[in-house]
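**Q** Structure of the sequence below:
(one chain, ligands or ions: 1)
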Amino acid sequence: MTATATLRSAPAHALPPALRSEGPQAAAQPAPQEALLQVDGVTLEYATRERVVRATHRVSFEVHQADRFVLLGPSGCGKSTLLKAIGGFIAPREGEIRLDGQAVHQPGPDRIVVFQEFDQLPPWKTVKANVMFPLLAARKLGRKEAEERALDCLAKVGLSKFADAYPHTLSGGMKQRVAIARALAMQPKVLLMDEPFAALDALTRRRMQEELLALWDDVRFTLLFVTHSIEEALVVGNRILLLSPHPGRVRAEINSHQYGLHSLGGADFQATAQRIHGLLFDQ
Ligand SMILES: Nc1ncnc2c1ncn2[C@@H]1O[C@H](COP(=O)(O)OP(=O)(O)OP(=O)(O)O)[C@@H](O)[C@H]1O
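**A** Sure thing, here's the model as predicted:
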């Protein structure tokens, strides 16, 4: 992954004044083409029997083709709820979500979610059948083509040898690789990942981040990634949206193209992590 110029593509109104003019190129940038995903003033709420819980308040951001866009914020700030809304599982109370200019009203094969839980793979299907299943269910491909696509995607995540294995025989990291292969096989417009590596041990988590970045280098998919780890956000993302504690509001957007696994421990990386910490938690 190479460092590239600062990109300022978030709508200025979504950012606190202090960040609107960040970067010398800001004013010189040409108008960006229409974003792939637009989240526009989105307020999300849960109605329980006793009360209404507001999860996010008027959140706006834009994700462009091949972005690795990270939603970062403390526990309970509405990151997963935002992902569910983009997935089409929850309707905004206010605002609108658009994908390719079309308002999102329901789930669809153009948005696939990879979750944290290891049990997202039906245990009675082999690894290959797990990857093929959504392709067949959505009638995207016939059986032969689905099998070819599944094997191709399993090769991309290094699991060719395990195509005929059952999920219970795999490690946590391997199960997450299958879930990623299954999602990529659908060729979604946006791949949604909700803390996909949070339940893994530290070494496996690091390896999975590395593999995800290598996969992105190969396929250039558009990624929307949720985490509450500042370090993971800097490693995985090229752009990071910082959300305030509950209910989530946009605190800032950070460009993080220049960071990757190679920058871990470096002074610049530490300083940016520190700055993000301040933006997230200082009142
Ligand atoms: N099904 C639900 N019913 C009522 N309130 C909910 C429900 N799911 C989430 N909430 C509330 O909405 C808010 C946002 O939750 P959400 O899970 O989106 O946060 P999060 O940022 O993803 O947190 P975490 O990092 O801990 O997963 C929280 O206050 C939570 O308690």
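**Q** Spell out which residues of the stretch 1-150 of the chain are next to the ligand.
**A** Within the stretch 1-150 of the chain, the positions near the ligand by C-beta under 6 Å from any ligand atom are 46, 48, 53, 55, 73, 75, 76, 77, 78, 79, 80, 81. The C-beta positions use only the backbone N, C-alpha and C, and glycine is treated the same way.
**Q** does the residue lying farthest from the centre of the chain sit in a helix, a strand or a coil?
**A** What lies farthest from the middle of the chain is residue 50; by C-alpha atoms, centre = their mean that is 32.1 Å. Taken by DSSP: H, G, I helix; E, B strand; the rest coil, the conformation at residue 50 corresponds to coil.
**Q** now, which of the residues of the stretch 1-150 of the chain next to the ligand lie within helices?
**A** In helices, judged by DSSP state H, the following of these are found: 79, 80, 81.
**Q** For those residues, which single residue is the most surrounded?
**A** residue 79 (25 neighbours; other C-beta atoms under 10 Å).
**Q** Tell me the pLDDT of that one.
**A** As predicted, residue 79 sits at a pLDDT of 96.
**Q** what's it in contact with, if anything?
**A** Contact partners of residue 79, counting by C-beta atoms under 8 Å, 6 or more residues apart in numbering, are 71, 72, 73, 194, 226, 227, 228, 243, 248.
**Q** ditto for residue 178
**A** Here residue 178 is in contact with 121, 127, 130, 131, 154, 157, 159, 162, 167, 170 (criterion: C-beta under 8 Å, 6+ apart).
**Q** Out of those residues, which two sit at the greatest distance?
**A** Farthest apart among those by C-beta to C-beta are 157 and 167. That separation is 14.1 Å.
**Q** okay if I get the ones in helices among the residues of the stretch 1-150 of the chain next to the ligand as a markdown table plus distance to residue 210?
**A** Formatted as a markdown table, those follow (distance: C-beta to C-beta, whole Å):
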| residue | distance to residue 210 |
| --- | --- |
| 79 | 23 |
| 80 | 24 |
| 81 | 29 |
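**Q** And the pLDDT at residue 281?
**A** At residue 281, pLDDT is 86.
**Q** neighbours of it, just the number please.
**A** 11.
**Q** who's in contact with the nearest residue to it once chain neighbours are set aside?
**A** Once flanking residues are discounted, residue 281 sits nearest to residue 74: 7.5 Å by C-beta to C-beta, 6 or more residues apart in numbering. Applying C-beta under 8 Å, 6+ apart, we find residue 74 in contact with 228, 243, 245, 246, 280, 281.
**Q** what's next to stretch 237-249, contact-wise?
**A** Identification of contacts with stretch 237-249 by C-beta under 8 Å, 6+ apart yields 7, 9-10, 54-59, 61, 67-74, 76-79, 82, 225, 233-234, 250-257, 276, 279-280.
**Q** excluding its backbone neighbours, what's nearest residue 33?
**A** In space, and not counting its chain neighbours, residue 33 is closest to residue 64: 7.9 Å by C-beta to C-beta, 6+ apart.
**Q** okay but that neighbour is in contact with residue 34, surely?
**A** No - when contacts are counted by C-beta atoms under 8 Å, residue 64 is not listed as touching residue 34 (9.1 Å).
**Q** So for these two, which residue has more residues nearby?
**A** More crowded of residue 64 and residue 34, by other C-beta under 10 Å: residue 64, with 18 against 11.
**Q** Distance of that one relative to residue 70?
**A** According to C-beta to C-beta, to the nearest Å, residue 64 stands 14 Å off from residue 70.
**Q** how long is stretch 35-54 end to end?
**A** 27 Å (C-alpha to C-alpha, to the nearest Å).
**Q** average model confidence for it?
**A** Mean pLDDT, computed over stretch 35-54, is 96.
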